[in-house]
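J.: Next comes the sequence, and after it the predicted model I'd like to discuss.
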Amino acid sequence: MLTDLATILRKANLNVVEESGWKTRGHGAMGSVKSIVIHHTAGPATGEYPSLRVVRDGRVGLSGPLAQLGLGRSGKWYVIAAGKAYHAGNTKDDSLYGNANAIGIEAEGSGVPADNTGHKHWPEVQWKSYVRGVKALQAAYGVPTSRVVGHREVAKPAGRKVDPNFSMTEFRAALNK
C-alpha cells in the first residue's frame, strides 16, 4: 500500500487533503510503481473537485477507487487510495502502465476541448501543482519521465481515451526542468 502519498506531496510544499479511509482503500495492494498515468476527470466545468465522489467510490459498472490521487482546480491534492485503483483499463503494456503498476491521478477538468497543444484550458495554479506533485512522486518512487504518460498514450485500443487535454510533450518537458 502506498501509505506515504500524502507525506510525499506535503514535502513538495503542496496543499493536501487526506480522504477518510484512504490508507486502506484500494482493490488490493499495488504490485509496484513503475509509471504514473495522467488523467482528467471529464467532470463539470466549475468547482474545485466535484468529481471526488466518483473517483473515490466509482460509478455504475466500475467500483472505486478510480485513482489514487485527485487534483483540484486550485492545485489542492486529494489523497484517495493507497492501494490499486481502476484507472488505466487495458493498456499497451500492463506490466508497466496497468492498474497494478501505475499511480493514477485524476485532475479535475472538463476535457473540453479535446486538445493536445499546450495547457491553455487549465488554470495555471493547477498545472503548476500537477507538475510539482508528479515530480515529487517520480523522485519518491524512481519513476523516469519517460514513464509519466497520458492515458491517451497508453490506452488500448489506440484512440479509446483522449485524456488529458493538454500536451504531454510539454508536461514531460516541465518535469525535466
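T.: Looks like it arrived, so ask away.

J.: Let me know the helix or strand that the most centrally placed residue in the chain is in.
T.: The C-alpha lying nearest the average C-alpha coordinate of the chain belongs to residue 105 (CA atoms, centre = their mean; 1.0 Å). Taking DSSP states H and E as the criterion, residue 105 maps to strand 102-107.

J.: sorry, back to before: which residues touch the residue nearest to the centre of the chain?
T.: Residue 105 is in contact with 36, 37, 38, 39, 67, 68, 69, 70, 71, 130, 133, 134, counting by CB atoms under 8 Å, 6 or more residues apart in numbering. For the C-beta atoms, the positions are set from N, CA and C on the backbone; glycine is no exception.

J.: at 7 Å what do you get?
T.: Neighbouring residues of residue 105 by CB atoms under 7 Å, 6 or more residues apart in numbering: 36, 38, 39, 67, 69, 71.

J.: just residue 117 next, same as before
T.: residue 167.

J.: And the pLDDT for it?
T.: What the model reports as pLDDT for residue 117 is 78.

J.: Tell me which stretches of the chain form strands.
T.: 16-18, 35-40, 58-59, 62-63, 69-71, 77-79, 102-107, 148-150 (DSSP state E).

J.: Do I have it right that residue 155 meets residue 161?
T.: Yes. With contact defined as CB atoms under 7 Å, residue 155 reaches residue 161; the gap is 4.0 Å.

J.: what's the longest helix in the chain?
T.: With DSSP state H setting the assignment, residue counts place helix 124-141 as the longest helix in the chain.
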